[in-house]
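A.B. asks: Here is my input, please return the structure:
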Amino acid sequence: MASVIKSIFLLFLLFLLMVVINESMRNSFAPHNFSIYGVSPMNSGAYNLSKCTWACHDATTLHCKVHHATSASPYFKWIDPIYFGMIGGLHATGNYGIANVILLVLAWPLIMSYLFMRVWKMRKELQHG
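C.D. replies: Residues are numbered from 1 along each chain as shown. Just a heads-up that it's a prediction; the model follows:
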């Protein structure tokens, strides 16, 4: 039971660390008049050739892949079906934003953490018999 509590605490600590780092970086971004669902994101919605912005999210194929993801271009034939399949699946739920948060912010890290804990437990069992 103690190992489960320790694992949950570690997972919570990692989420907290992610939030603290993201929010501490917020002040280093220039303010802009752009909002999504009434919230001002860290990046603007303007097209920028030197860095990704929300324009890359909205125009992945026409902007981001052309200007920012050039090093990945040999792998687009493998990446695109997965990436655009995931985006299509999130849109198919009817609420892209909520589905994105549930899947990519909550479910995916929890699944990866669970699998990591299982591997760690198996490693301990193999070492100690």
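
A.B. asks: So which elements touch the biggest helix by length in the chain?
C.D. replies: In the chain, assigned by DSSP state H, the helix with the most residues is helix 2-25. If you count contacts as 3 or more CB pairs under 8 Å, 6 or more residues apart in numbering; DSSP states H and E, helix 2-25 packs onto helix 108-128. Every residue, glycine included, has its C-beta placed from N, CA and C.

A.B. asks: Now the helix it packs on - C-alpha only, CSV.
C.D. replies: Only the C-alpha atoms of helix 108-128 are listed here, as CSV (Å, rounded to 0.1, in the frame of the first residue of the first chain):
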residue,chain,number,x,y,z
TRP,A,108,-1.8,9.4,-21.6
PRO,A,109,0.4,10.4,-18.7
LEU,A,110,-1.5,8.1,-16.3
ILE,A,111,-1.1,5.2,-18.6
MET,A,112,2.6,5.9,-19.2
SER,A,113,3.1,6.3,-15.4
TYR,A,114,1.3,3.0,-14.7
LEU,A,115,3.3,1.2,-17.3
PHE,A,116,6.5,2.7,-15.9
MET,A,117,5.6,1.6,-12.4
ARG,A,118,4.9,-1.9,-13.6
VAL,A,119,8.3,-2.1,-15.3
TRP,A,120,10.0,-0.7,-12.2
LYS,A,121,8.2,-3.4,-10.0
MET,A,122,9.2,-6.2,-12.4
ARG,A,123,12.8,-4.9,-12.3
LYS,A,124,12.8,-5.0,-8.5
GLU,A,125,11.3,-8.5,-8.6
LEU,A,126,14.0,-9.8,-11.0
GLN,A,127,16.7,-8.2,-8.9
HIS,A,128,15.5,-9.5,-5.5
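
A.B. asks: what's that helix packed up against?
C.D. replies: Helix 108-128 is packed against helix 2-25, with contacts defined by 3+ CB pairs under 8 Å, 6+ apart.

A.B. asks: show me what contacts residue 13?
C.D. replies: Residues near residue 13 by CB atoms under 8 Å, 6 or more residues apart in numbering: none.
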